[in-house]
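Enquirer: give me a model of this one.
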Amino acid sequence: MMLRDHDEMLLRLPGTVEEREWLEGHLEVLSVKERIALTAAMAHEPPQDMAGAVNCLLSLEW
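Expert: The predicted model follows:
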């Protein structure tokens with residue numbers, strides 16, 4: 001699966017191996033609706049590290 005631009009950016013953020021693995025797994029299965037929400041959330045407040053990216057993705061469920 002080809003990574004989208006913001007996926008690649010998220011995976012380059014500083015973080016732990018566990019955070020990277022979690023992000024990789026969740027980015028692969030995002031729905032179109034979740035991708036749109038993620039893009040909007042990142043435009044509003046870009047994560048500074050992988051922990052922030054994980055939190056951003058977790059907030060999409062709500």
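Enquirer: mind listing what the most centrally placed residue in the chain touches?
Expert: Nearest to the geometric centre of the chain sits residue 53, at 4.9 Å (C-alpha atoms, centre = their mean). Residues near residue 53 by C-beta atoms under 8 Å, 6 or more residues apart in numbering: 10, 13, 15, 19, 23, 47. Quick note: C-beta positions are derived from backbone N, CA and C, even for glycine.
Enquirer: rerun at 7 Å
Expert: Counting by C-beta atoms under 7 Å, 6 or more residues apart in numbering, residue 53 touches 10, 13, 23, 47.
Enquirer: where does the protein have low pLDDT?
Expert: For the chain, the stretches with pLDDT under 70 are 1-4, 61-62.
Enquirer: in space, what's closest to residue 26 - neighbours in sequence excluded?
Expert: Closest residue in space to residue 26, ignoring its immediate chain neighbours: residue 57 at 5.5 Å, by C-beta to C-beta, 6 or more residues apart in numbering.
Enquirer: show me what counts as buried in the strand or helix carrying that neighbour.
Expert: According to DSSP states H and E, residue 57 maps onto helix 50-59. For helix 50-59, burial by neighbour count (16 or more other C-beta atoms under 10 Å) applies to 50, 52-54, 56-57.
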